[in-house]
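Visitor: structure for this input, please:
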Amino acid sequence: MLIDQYKDLLVLAKPPNLHSVSGKSAQEQSLAGWLIKNYPEQGQLEDGGLVHRLDFETSGLMIAARSQESWLNLRSSFSSESTRKKYLALVAGKPVGSQQIESWLGSRHRRSKKVSVFIDPPSDGTTRMVKRQTTLKLLHYYQDEKISLVEVTITRGMRHQIRAHLAHLGHALVGDSLYGSEFSLPKLPELEFRKFFLHSWKVELKNPADSRISTYTCEQYSEPATDLLK
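Guide: Have a look, this model is predicted:
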C-alpha cells in the first residue's frame with residue numbers, strides 16, 4: 001500500500017473495498033489500521049496520520065502526515081482550494097466535452113446514506129450543507145457499453161461529492177445504484193469485486209516541507225481504466 005515516503009508525509013495506495021479509518025467496530029479493517037500496524041509511530045497521530053478519506057469502494061491515492069505539525073499543515077491544505085484532486089471514473093452515457101457543476105450538498109437526515117444536490121440552498125434551514133465544485137472531462141466513450149471513462153477534478157471535497165454531482169449531471173457512476181445507476185460494470189477481472197469504479201489517481205498539494213506544489217500519482221488499482229484505454 002505504500003507508494004513513497006518523504007520526511008513529512010507518506011503516499012499510499014488504498015485498495016477498493018477497504019475503509020480509510022475504522023468505524024464503530026474494532027474488527028473493521030482500514031488503511032489507518034494498516035498504517036499503525038506497519039508504522040507504529042503513526043499511532044501517535046489521529047487516524048494514523050491520514051489527512052483525508054476515501055469512500056469504502058473508492059481506490060487510489062491517499063496522504064498521511066508523519067508529524068503533528070505536518071498533519072495540521074496538510075489538513076489545512078486539503079481544506080483549502082489550493083489542493084487539486086483528480087479521479088478516474090466509469091460513468092453512464094457520454095458527457096459532452098468538459099462539464100462543471102457547483103452546488104450545495106447535504107443530507108436532510110443525520111443518518112442518511114445519500115447526499116442530495118441543491119442548486120439553491122433550502123430556505124427551511126433544516127439541512128446541513130456545504131458548497132462544492134466538481135469538473136468532469138471525457139477521456140473515452142465505449143459505444144457498445146454506452147459508458148464513458150472520465151477524469152474528475154475537485155479541490156475541497158466532502159463525502160459522496162463526486163457520486164452525487166455525477167448523478168445530478170445525468171452521468172452516475174456505473175454500478176452505483178444508490179445514486180440511480182441502471183448500468184453494470186464491464187465483465188473484466190479487475191472489476192469483478194468492485195461495486196463501481198472511482199479511483200483517486202493524482203493529488204497536487206503544497207508540501208509542508210518547502211511550500212512548493214508537489215504532484216503525487218497512484219497507478220495501482222487503476223488497471224480497469226488503463227485496460228479499457230488499450
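Visitor: list the contacts for the residue nearest the centre of the chain?
Guide: Among the residues of the chain, the one closest to the centroid is Leu54, at 4.7 Å (C-alpha atoms, centre = their mean). For Leu54, the contact set (C-beta atoms under 8 Å, 6 or more residues apart in numbering) comprises 14, 20, 60, 62, 200. Where you see a C-beta, it was placed from the backbone N, CA and C, and this is true even at glycine.
Visitor: just the buried members of these?
Guide: 14, 20, 60, 62, 200 (16 or more other C-beta atoms under 10 Å).
Visitor: which of the three states applies to Leu88?
Guide: strand (DSSP: H, G, I helix; E, B strand; the rest coil).
Visitor: go ahead and confirm it touches Thr217.
Guide: No: look at Leu88 against Thr217 with C-beta atoms under 8 Å: they stay out of range, at 11.0 Å.
Visitor: mind naming the longest helix for this protein?
Guide: When the chain is parsed with DSSP state H, its longest helix is helix 68-78.
Visitor: distance between that one and the chain's centre?
Guide: Relative to its parent chain, helix 68-78 has a centroid offset of 18 Å by C-alpha atoms, centre = their mean, to the nearest Å.
Visitor: counting by contacts, list what that helix packs against.
Guide: Where contact means 3 or more C-beta pairs under 8 Å, 6 or more residues apart in numbering; DSSP states H and E, helix 68-78 is packed against strand 59-65, strand 198-206.
Visitor: now the strands for this protein?
Guide: Ranges of strands in the chain, per DSSP state E, are 2-5, 9-14, 59-65, 84-92, 98-107, 116-118, 128-142, 147-154, 198-206, 213-217.
Visitor: mind listing what's buried in the longest one?
Guide: Residues of strand 128-142 classed as buried under the neighbour-count rule (16+ other C-beta under 10 Å) are 129, 132, 134-136, 138.
Visitor: give me the lowest-pLDDT entry from these.
Guide: pLDDT across the buried residues of strand 128-142 is at its lowest for Met129, which sits at 85.
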